[in-house]
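**Student:** fold the following, please.
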Amino acid sequence: MKSTHFWRNSAASVSVNPAVAVSVAQSKGVQQIRGEHLIRPDGTVESRFEEEDYRKRFTTGAILAEPLATGPGVQVKNSKLELKASATDATVRGGERVRLFLNVKLAKKMHVYAPGVQGYIPVEWKMIAGPADTSAAPQFPASKQLRLKAINEVVPAYLGEFAVTRDIVIPQPRDVEKLLSPAGEFTVEGTFRYQACDDKKCYIPEEIPLKWTFKYEKHDSTRVPADLQRKAPVPAAPRP
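**Tutor:** A predicted model of the protein is given here:
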């Protein structure tokens with residue numbers, strides 16, 4: 001009974017005034033986790049975005065991609081197709097990676113030829129040299145195999161709706177700031193070339209001019225308050 005009483009009183013005193021010590025491992029300023037990570041609700045990693053150059057970072061919009069594809073662009077509609085150009089971000093900073101989108105909706109019975117087709121004119125997305133780095137190739141979706149009954153031939157083509165993406169990199173601040181308009185904006189331009197065909201004939205190839213206008217914003221260089229800044233650990237005093 002005395003032993004039980006002793007342990008009951010000891011447990012009560014610990015649960016009322018528990019002493020908890022927490023420590024965080026230090027790595028001398030070296031970041032152990034690189035890049036951005038998209039985390040699932042259960043805490044596991046959905047995808048990882050790591051840049052070779054830390055100055056060229058993916059924006060949040062570029063990581064989430066389609067859900068935020070509402071940025072600046074153009075919209076064109078004619079008898080053959082409807083095209084909407086957009087971007088993941090409307091306001092950008094130097095060194096950021098931004099994703100451009102082309103959403104194409106073809107008219108009924110219309111088709112266009114996919115890249116890689118032989119003997120026909122494929123869709124093509126070109127960029128005009130400008131302030132941003134547009135050297136990355138566009139990413140086209142998988143095409144469908146279309147049978148041309150008139151000549152009994154199967155070719156890669158797009159029907160209905162499809163989307164094409166392309167990543168660009170905003171120049172570093174010292175390069176982009178001298179190219180800004182008085183309103184603090186700059187534009188990225190390109191062209192979309194296609195030849196539309198229906199079940200009876202192919203039409204003259206057409207080219208749609210593309211344009212994205214971005215608002216430039218400087219990086220936030222304000223330091224955090226002094227009481228929140230990370231301090232180097234104070235070495236322990238030597239024992240006497």
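**Student:** the bottom helix or strand of this protein by mean pLDDT?
**Tutor:** Ranked by mean pLDDT, DSSP states H and E, the weakest helix or strand in the chain is helix 2-16, scoring a mean of 48.
**Student:** just the helices in this protein please.
**Tutor:** For the chain, helices defined by DSSP state H occupy the ranges 2-16, 60-64, 173-176.
**Student:** show me what counts as buried in the shortest one.
**Tutor:** Counting neighbours by 16 or more other Cβ atoms under 10 Å, one finds that the buried residues in helix 173-176 are Val176. C-beta: built from backbone N, CA, C; applies to glycine.
**Student:** mind saving the C-alpha coords of it as CSV?
**Tutor:** Taking Å, rounded to 0.1, in the frame of the first residue of the first chain, the C-alpha atoms of helix 173-176 are listed here in CSV:
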residue,chain,number,x,y,z
PRO,A,173,16.0,42.5,-61.4
ARG,A,174,19.0,44.3,-62.8
ASP,A,175,18.1,43.1,-66.3
VAL,A,176,14.3,43.4,-66.3
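**Student:** counting by contacts, list what it packs against.
**Tutor:** If you count contacts as 3 or more Cβ pairs under 8 Å, 6 or more residues apart in numbering; DSSP states H and E, helix 173-176 packs onto no helix or strand.
**Student:** Arg239 - how many residues pack around it?
**Tutor:** Here the number of neighbours of Arg239 (other Cβ atoms under 10 Å) works out to 4.
**Student:** kindly report the same for Ala232.
**Tutor:** 8.
**Student:** check it and give its pLDDT.
**Tutor:** On pLDDT, Ala232 comes in at 72.
**Student:** please tell me how far it sits from Ile208.
**Tutor:** 57 Å (Cβ to Cβ, to the nearest Å).
**Student:** and what of Val112?
**Tutor:** Going from Val112 to Ile208 by Cβ to Cβ gives 12 Å.
**Student:** could you pull out the strands in the protein for me?
**Tutor:** Taking DSSP state E as the test, the strands found in the chain are 36-39, 45-49, 57-58, 75-77, 81-87, 91-92, 96-106, 111-113, 124-127, 144-148, 153-159, 161-169, 185-194, 206-216.
**Student:** take the ones you listed and lay them out in CSV including distance to Asp175 and mean neighbour count.
**Tutor:** Listed next are the strands of the chain as CSV, based on distance: least, Cβ to Cβ, whole Å; neighbours: other Cβ atoms under 10 Å:
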stretch, distance to Asp175, mean neighbour count
strand 36-39, 24, 12
strand 45-49, 23, 11
strand 57-58, 16, 20
strand 75-77, 30, 12
strand 81-87, 20, 20
strand 91-92, 13, 19
strand 96-106, 13, 22
strand 111-113, 36, 23
strand 124-127, 17, 17
strand 144-148, 42, 13
strand 153-159, 36, 17
strand 161-169, 11, 19
strand 185-194, 11, 18
strand 206-216, 11, 17
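**Student:** wait, which of those is closest to Pro238?
**Tutor:** Closest of the strands of the chain to Pro238 is strand 36-39, at 41.9 Å (criterion: Cβ to Cβ).
**Student:** can you give me the mean pLDDT across the closest one?
**Tutor:** Confidence for strand 36-39, expressed as mean pLDDT, is 59.
**Student:** now swap in stretch 93-101 and tell me
**Tutor:** The model assigns stretch 93-101 a mean pLDDT of 92.
**Student:** which residues does Ala163 contact?
**Tutor:** Neighbouring residues of Ala163 by Cβ atoms under 8 Å, 6 or more residues apart in numbering: Phe101, Leu102, Asn103, Val104, Pro141.
**Student:** tell me the one among these nearest to Gln195.
**Tutor:** Scanning the contacts of Ala163 for proximity to Gln195, where the rule is Cβ to Cβ, the winner is Val104, at 13.2 Å.
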